[in-house]
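Student: I would like the atomic coordinates for the input below:
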Amino acid sequence: MKLNYFTKKLSTVGRWIATTVFCMSAIAFVWQGGFLGNNTAMANPAVNLIASADAGDRVQNKASEDAGRTKNFIRDAANKVEETANKNARRVEEATDNNGSFVERKAKRDAARIERRAEEDAARTQKAVDKTKNVVERTVDNIKDAFSK
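Tutor: Numbers count the residues shown, from 1 in each chain. Model prediction:
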């Protein structure tokens with residue numbers, strides 16, 4: 001009876017020791033970089049830094065190009081809204097035979113208000129695009145600075 005009790009305790013202690021040794025060896029293996037596949041990067045970090053600088057420049061150039069295209073799209077959309085407002089105001093004038101009626105004056109006021117709002121919205125949106133582009137450029141610069149040190 002005592003031998004059976006003793007062997008159970010010894011078996012439990014043995015499992016705990018085996019588990020501890022396994023975990024400690026796994027931690028040591030990860031700590032020493034056993035899972036890193038690119039050991040040349042550790043031996044020669046300058047190659048990766050040059051590549052990251054090029055990638056950063058490409059990201060910044062792409063952000064500038066995209067911002068330019070986006071701003072052109074915003075400007076085109078604002079112009080289309082203004083054209084449509086003016087076209088609608090002209091249609092109202094033609095329908096009322098240019099008699100200066102209340103409806104005609106209201107259509108002109110509405111067209112002017114729509115044009116003004118389109119310009120304000122376009123300017124506000126373009127400003128947001130510029131802010132976003134600047135944030136991207138600053139972030140890329142900060143990352144390039146961090147890798148160059």
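
Student: got the residue ranges for the helices in the protein?
Tutor: With DSSP state H as the definition, the chain shows helices at residue ranges 2-31, 39-43, 45-95, 102-148.

Student: pick out the shakiest of those, pLDDT-wise.
Tutor: Per-stretch mean pLDDT for the helices of the chain is lowest at helix 39-43 (a mean of 51).

Student: can you pull the contacts of residue 85?
Tutor: Neighbour list for residue 85: 110, 111, 114, 115, 118 [criterion: C-beta atoms under 8 Å, 6 or more residues apart in numbering]. Bear in mind the C-beta positions are built from the backbone N, C-alpha and C, glycine included.

Student: surely the second one meets residue 91?
Tutor: Think residue 111. No - under the criterion of C-beta atoms under 8 Å, residue 111 is not in contact with residue 91, lying 10.5 Å apart.

Student: and residue 10, how many residues sit next to it?
Tutor: Residues near residue 10, counting by other C-beta atoms under 10 Å, number 10.

Student: I meant to write residue 129 there.
Tutor: Taking other C-beta under 10 Å as the criterion, the count of residues near residue 129 is 18.

Student: any idea how far it lies from residue 83?
Tutor: From residue 129 over to residue 83 the distance is 22 Å, taken as C-beta to C-beta, to the nearest Å.

Student: next: residue 104.
Tutor: Separation of residue 104 from residue 83 (C-beta to C-beta): 19 Å.

Student: neighbour count winner among the two?
Tutor: For residue 104 against residue 83, the residue with the higher neighbour count under other C-beta under 10 Å is residue 104, and the figures read 18 against 12.

Student: ok, now which ones touch that one?
Tutor: For residue 104, counting by C-beta under 8 Å, 6+ apart, the contacting residues are 92, 93, 96, 98.

Student: leaving out chain neighbours, which residue sits closest to the third one?
Tutor: This means residue 96. Spatial nearest neighbour of residue 96, excluding adjacent residues (C-beta to C-beta, 6 or more residues apart in numbering): residue 104 at 4.7 Å.
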